[in-house]
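J.: Mind looking at a prediction? Sequence and model below.
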Amino acid sequence: MNCFLKASIIQIRSEPMGGIVDFYEGVGHSQRKFCSIKSSNTHFEFGGRSTPDCTNDEAKSMTLFDIPMGTYIRLYDSYNYEIDDDWMELYVKRSVPYISVYDFEANSYNMFVENDDYWIRYHNGDNADALNGRVSYFDTQFWQLPSCF
C-alpha cells in the first residue's frame, strides 16, 4: 500500500477532536459521576485546580465515549505525574464508541489488559496507597500513524 494521496482541500486542526471521559467515585461506575472532561484535554489536574466540576480526586472508574484511534491516556496518583508512584495507561487501537474501565487497580490477574480496541497497563508504586480514589492527574497524547505504516 502506498501513502500518496491527492487532496484539493486540507484542513489542519490544532488538536484532534476527542470524545468524553466520565469519572465515577465507585468501582465499576457504582457511585456517582463527579467529573466529565473532553479527551482532547492534554493535561488535567483533579482537586479543583483545573475546573470546579472536578473538585475531588476520588475517581475509581471511568467511561470513555467516542474516543479516536491513537488516543493515549495516563492517570497518575501524583500531581507531579511521577512514574515511580501508581499510574495507569490506556491506548486506543481503533476508534470506538464506548470503553468502560472498571477500576484503576492492578492485581496479579490484570497488570496488562488487551483486546481488539484498546490496551490498559497498570503500575502499582511502592507505597501503601493505590490509584483507586487517588487520581490526581490526567494526561492525553495522540499517537496516530497513517494507515499505510
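T.: Noted; the coordinates are in hand. No experiment lies behind these values; they were computed from the predicted model shown.

J.: What strands flank the helix or strand bottoming out on mean pLDDT in the chain, and is each parallel or antiparallel?
T.: Within the chain, no helix or strand scores below strand 43-45, which has a mean of 75 by mean pLDDT, DSSP states H and E. If you go by DSSP bridges, strand 43-45 pairs up with strand 137-142 (antiparallel).

J.: what pLDDT does Thr63 get?
T.: Thr63 carries a pLDDT value of 94.

J.: helix, strand or coil for it?
T.: What DSSP: H, G, I helix; E, B strand; the rest coil gives for Thr63 is strand.

J.: got the contact list for it?
T.: Thr63 makes contact with 21-22, 24, 29, 98-101, according to Cβ atoms under 8 Å, 6 or more residues apart in numbering. For every residue, glycine as well, the C-beta is placed using N, CA and C.

J.: Of those residues, which pair is most distant in space?
T.: Distance extremes for the contacts of Thr63: the farthest pair is Tyr24 and Tyr98 at 14.4 Å, using Cβ to Cβ.

J.: Please identify which of these two sits among more neighbours.
T.: Tyr24 (21 against 11; other Cβ atoms under 10 Å).

J.: Next up, identify which helix or strand the residue most central in space within the chain is on.
T.: Nearest to the mean C-alpha position of the chain, by Cα atoms, centre = their mean, lies Ile73 at 3.3 Å. Ile73 is part of strand 71-76 when elements are defined by DSSP states H and E.

J.: Just the residues contacting that strand, thanks.
T.: For strand 71-76, the surrounding residues in contact (Cβ under 8 Å, 6+ apart) are 16, 18, 21, 39, 59, 64, 81-82, 85-92, 104, 131, 135-143.

J.: Just the buried ones from these?
T.: 16, 18, 21, 39, 59, 64, 81, 85-92, 104, 131, 135-140, 142 (16 or more other Cβ atoms under 10 Å).

J.: can you give me the strands for this protein?
T.: Using DSSP state E, the strands of the chain run over 20-24, 33-38, 43-45, 61-67, 71-76, 87-92, 96-101, 112-114, 118-123, 137-142.

J.: Partner strands of the second one and their direction?
T.: For strand 33-38, sheet partners with direction are given as strand 20-24 (antiparallel), following DSSP bridges.
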